[in-house]
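Q: I need the structure of the sequence given here:
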Amino acid sequence: MKKRALILLIVGVLGLGVFGCAGEKAMVKAAPSQIQPVKVMVETVERLNAAAAKPPYQATDVLVFRINFKFSNPNNVLAKVDNLYFEAKIDDGTPEKMIILAGSMPSMLIPAGGEATWSYADPLLYGGIFGQIITRGLGGEAGMKGAAEKRDEIWQNLGADKMKFFIDGNITSSLPDFPDLGTIYGQFEMEFAVPGL
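A: Predicted coordinates:
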């Protein structure tokens, strides 16, 4: 009787082990045949502080903007964003536009079929944009005086949330568990208006 109970116990333990292993194998996802790029979008652009409504402005005045990015992983396995670089520009009357923010993100892991967010904030110095205005020739025939007037106009519009942001950048993504599938390089472009404080 004891011998029979012992045999049944051993068979039961072995059976649980076999079914347990089968359950684990069923949970492992099939290897993807190719990598799908991680999608990036701008959720919001925010101005974080108030600005004087009109000139005169001080050289040390700052406006702080934050850009909130959202990443979506369409793959059925973990994805990694290896590099992201972006520039946020405003229309200053030139084809290249004026860079207001530029930044890069360190590596980030995004779960299978999941999403992740990342935010970047940086102060913009009133005195710091003068160089871009001068080098782009925005002062026109009025020279330095015209450039100073253009800077006040841009600053006033930024502080009143009247400027549209043009955001473009580069992103690379990979699947860390499947390095043989390589890396995908992508670019993105978006436009965004800042809602008022």
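Q: Let's see the pLDDT reported for the most centrally placed residue in the chain.
A: In the chain, the residue lying closest to the centroid (Cα atoms, centre = their mean) is F69, at 3.7 Å. Confidence at F69, expressed as pLDDT, is 96.
Q: In contact with it, which residues?
A: Shown in contact with F69 (Cβ atoms under 8 Å, 6 or more residues apart in numbering): V40, M41, V42, E43, L84, M105, T117, W118, S119, Y120. Just so you know, the C-beta spots here come from the backbone N, C-alpha and C atoms, and that holds for glycine as well.
Q: cutoff 6 Å now
A: When contacts are counted by Cβ atoms under 6 Å, 6 or more residues apart in numbering, F69 touches V40, W118.
Q: Wasn't it part of a strand?
A: Yes. Under DSSP: H, G, I helix; E, B strand; the rest coil, F69 sits within a strand.
Q: Tell me the bridge partners for it.
A: On the basis of DSSP bridges, F69 is bridged to V42, W118.
Q: F192 versus the nearest residue to I90 once chain neighbours are set aside, what's the distance?
A: Leaving out its chain neighbours, the residue that sits closest to I90 by Cβ to Cβ, 6 or more residues apart in numbering is M163, at 4.6 Å. Computed with Cβ to Cβ, to the nearest Å, the distance linking M163 and F192 is 10 Å.
Q: Look at the two and report which has more neighbours.
A: Ranked by neighbour count (other Cβ atoms under 10 Å), M163 and F192 place M163 first, with 21 against 17.
Q: Correct me if wrong: the more buried one contacts D91.
A: No. Applying Cβ atoms under 6 Å as the test, M163 and D91 come out as separate, 7.4 Å apart.
Q: about what we covered before: could you tell me the model confidence score at the residue nearest to I90?
A: At M163, the pLDDT value in this model is 91.
Q: for L197, same thing?
A: We have a pLDDT of 63 for L197.
Q: Use 377 as the first number from now on
A: Sure, I'll start counting at 377 from here, so that last one is L573.
Q: Need the residues touching each of M539 and D467.
A: When Cβ under 6 Å, 6+ apart defines a contact, no residue borders M539 and D467 alike.
Q: ok, and for stretch 528-547, which residues are buried?
A: By neighbour count on 16 or more other Cβ atoms under 10 Å, the buried set for stretch 528-547 is I530, W531, Q532, L534, G535, M539, F541, F542, I543, G545, I547.
Q: ok, these vs F564, which is closest?
A: G545 (5.8 Å; Cβ to Cβ).
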